[in-house]
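Asker: starting from these lines, generate the structure:
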Amino acid sequence: MENIRITDNYAGGNIRVIAQEGNLVKLEQDIRDTSGWWFYWNFRAEADQAQTIVFEFLNGEVIGPWGPAVSMDGIRWQWLGTDSLISRLSFRYSFTEGERVYFSFSLPYQLHHFERFYSRISNVPAVRRQVLTLSEQLRPVPLLVIGNATARKHIMFTCRHHACESPPSYLLEGLLYYYLSQAESKVLQQFAIHCVPFVDLDGVENGDQGKARQPHDHNRDYVAAPRYEATAAIAEYAKSLELVAGIDLHSPYKWGERNDFPFVVKRGSPVKGEIERFNACLATATRSRAASGLISYSSIHDIEMGEDWNQPNGATCSAFFERTGAQLVFSFELPYFGNENMVISQDNCRQFGADFARALEAYLLQIC
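Answerer: The predicted model follows:
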């Protein structure tokens, strides 16, 4: 008789239970329609009795340096801690009788997180919510617009082209709240900011990897005949805007080297010069953060166009933003875990979002 019940039947859930042998549970992340190996997982476990369970993953190292993310309600998440780590393949957890716990590779951000955030700002006059389109599974894809409704110049943020890349969603919350909390935001007076918080909303809610989805993922869909409703809608919507900036938010590979730091995926010239001007503003805005354990940015981790995997590809969202004529265009990568000097957390990501907003404000005031 199984002494622990495991499910992924909830928003963002992703797991395959391979075997349960006493107090050992063997698991795998569900890769589904991803063309190669990837690392996202998210499950809930409920124990009938007080016991210590070892969870062992059988398909690669998929447990981060701080152990799994853990939550009692699926909303507030924290790292279980290094004491829980047996290896990057397994962790332990001591349940109390009847305890129900969520575990995840990283810090999830689902539609219900966005709705909680939106409930805090929905009464602000500068906030307008629309439906960008319906997803393939008929979910309304949110489009949030803040700022001057009659603005001539516009800024666009996109997030979750790859469903599992959740940390930037908290960054986006912090960025928007920073502007909305100012009594008189010069940015909101002069610009309209358009945000698509979930490009791959179905993937986010279904718990997909999203990265390298077959035959191609959402961030390879800015082509003449898009496969996905959301990317087609973004392309059509942005045509009507005079974009000054188009910024696409991501998380990188799981960990190691530059993947443990926030970094910019650069474009070629002439956009490269504008990116470097913004980067200087972001470095200034976060310079004092590292000493206090908050997320800081340095351009030394950026990846140049033509370096490593950052090769020219006209099908990406950044390439599309550049084709619109936007002055400032880049992808931004926020790590899943960070490093010992700046651990990724929900609040740290929101604070970094506020710093990102300050940097963008400084950049815009330079060019306008």
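Asker: so which residues of the stretch 101-250 of the chain form helices?
Answerer: In the stretch 101-250 of the chain, the helices defined using DSSP state H, counting those that start in this stretch lie at 111-121, 167-181, 186-190, 201-206, 229-238.
Asker: JSON lines for the ones you listed, including mean neighbour count and mean pLDDT?
Answerer: Bear in mind the C-beta positions are built from the backbone N, C-alpha and C, glycine included. Shown next, in JSON lines, are the helices of the stretch 101-250 of the chain (neighbours: other CB atoms under 10 Å; pLDDT from 0 to 100):
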{"stretch": "helix 111-121", "mean neighbour count": "16", "mean pLDDT": "98"}
{"stretch": "helix 167-181", "mean neighbour count": "23", "mean pLDDT": "98"}
{"stretch": "helix 186-190", "mean neighbour count": "16", "mean pLDDT": "96"}
{"stretch": "helix 201-206", "mean neighbour count": "24", "mean pLDDT": "98"}
{"stretch": "helix 229-238", "mean neighbour count": "20", "mean pLDDT": "98"}
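Asker: redo the ones you listed as TSV? Include distance to residue 6.
Answerer: Output for those, formatted as TSV (distance: least, CB to CB, whole Å):
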stretch	distance to residue 6
helix 111-121	21
helix 167-181	25
helix 186-190	46
helix 201-206	18
helix 229-238	31
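Asker: minimum distance to residue 337: which of those helices has it?
Answerer: Nearest to residue 337, of all these, is helix 167-181, at 9.0 Å by CB to CB.
Asker: any idea how far the longest helix that the chain contains is from the chain center?
Answerer: Counting by DSSP state H, the longest helix found in the chain is helix 346-367. Offset of helix 346-367 from its chain centre (CA atoms, centre = their mean, to the nearest Å): 16 Å.
Asker: what's the answer for stretch 324-338, then?
Answerer: How far stretch 324-338 lies from its chain's middle: 11 Å, per CA atoms, centre = their mean.
Asker: excluding sequence neighbours, find me the nearest residue to residue 48.
Answerer: residue 3 (6.0 Å; CB to CB, 6 or more residues apart in numbering).
Asker: residue contacts, the one you found?
Answerer: Going by CB atoms under 8 Å, 6 or more residues apart in numbering, residue 3 touches 23, 47, 48, 49, 51.
Asker: quick one: contacts of the stretch of helix or strand residue 281 belongs to?
Answerer: Assigned by DSSP states H and E, residue 281 belongs to helix 271-286. Applying CB under 8 Å, 6+ apart, the contact partners of helix 271-286 are 264, 266-267, 294-299, 302, 305, 322, 327-330, 352, 355-356, 358-360, 362-363, 366-367.
Asker: then stretch 145-155?
Answerer: Outside stretch 145-155, the residues that touch it by CB under 8 Å, 6+ apart are 124, 126-130, 176, 179-180, 185, 187-195, 241-247, 360, 368.
Asker: buried subset of the contacts of helix 271-286, written for PyMOL?
Answerer: If you want just the buried ones from the contacts of helix 271-286 in PyMOL, going by 16 or more other CB atoms under 10 Å, the selection is:
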select buried, resi 264+266+267+294+295+296+297+302+322+327+328+329+330+352+355+356+358+359+360+362+363
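Asker: where does residue 258 sit: helix, strand or coil?
Answerer: Under DSSP: H, G, I helix; E, B strand; the rest coil, the three-state class of residue 258 is helix.
Asker: where does pLDDT dip in this structure?
Answerer: For the chain, the stretches with pLDDT under 70 are 1-2.
Asker: redo that, cut-off 90
Answerer: In the predicted model of the chain, residues 1-3, 183, 288-292, 367-368 satisfy pLDDT under 90.
Asker: could you chop it up by domain?
Answerer: What automatic domain parsing lists as the domains of the chain is 4-104, 111-367.
Asker: determine how far the last one lies from the middle of the whole chain.
Answerer: How far domain 111-367 lies from its chain's middle: 8 Å, per CA atoms, centre = their mean.
Asker: do the same with stretch 57-69
Answerer: Its chain's C-alpha centre lies 18 Å from the corresponding centre of stretch 57-69 when counted by CA atoms, centre = their mean.
Asker: begin at 37, not 1, for the rest of this chat.
Answerer: Got it, first residue is 37 now, which makes that one stretch 93-105.
Asker: can you tell me what sits against that stretch?
Answerer: 54, 62-65, 67, 73, 75, 77, 113-121, 123-127, 139-144, 290-291, 372-373, 379.
Asker: hang on, the earlier thing: report all helices and strands that the longest helix of the chain contacts.
Answerer: Packing contacts for helix 382-403, counted by 3 or more CB pairs under 8 Å, 6 or more residues apart in numbering; DSSP states H and E, involve helix 203-217, helix 222-226, strand 279-286, helix 307-322.
Asker: just the buried ones from the contacts of residue 39, in PyMOL syntax?
Answerer: To isolate the buried members of the contacts of residue 39 in PyMOL, using 16+ other CB under 10 Å:
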select buried, resi 83+87
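Asker: pull out the buried residues from stretch 336-351.
Answerer: For stretch 336-351, the neighbour count (16+ other CB under 10 Å) marks 337, 338, 339, 346 as buried.
Asker: ok, and what's touching that stretch?
Answerer: Stretch 336-351 is contacted from outside by 252, 255-259, 294, 297-304, 308, 315, 355, 359, using CB under 8 Å, 6+ apart.
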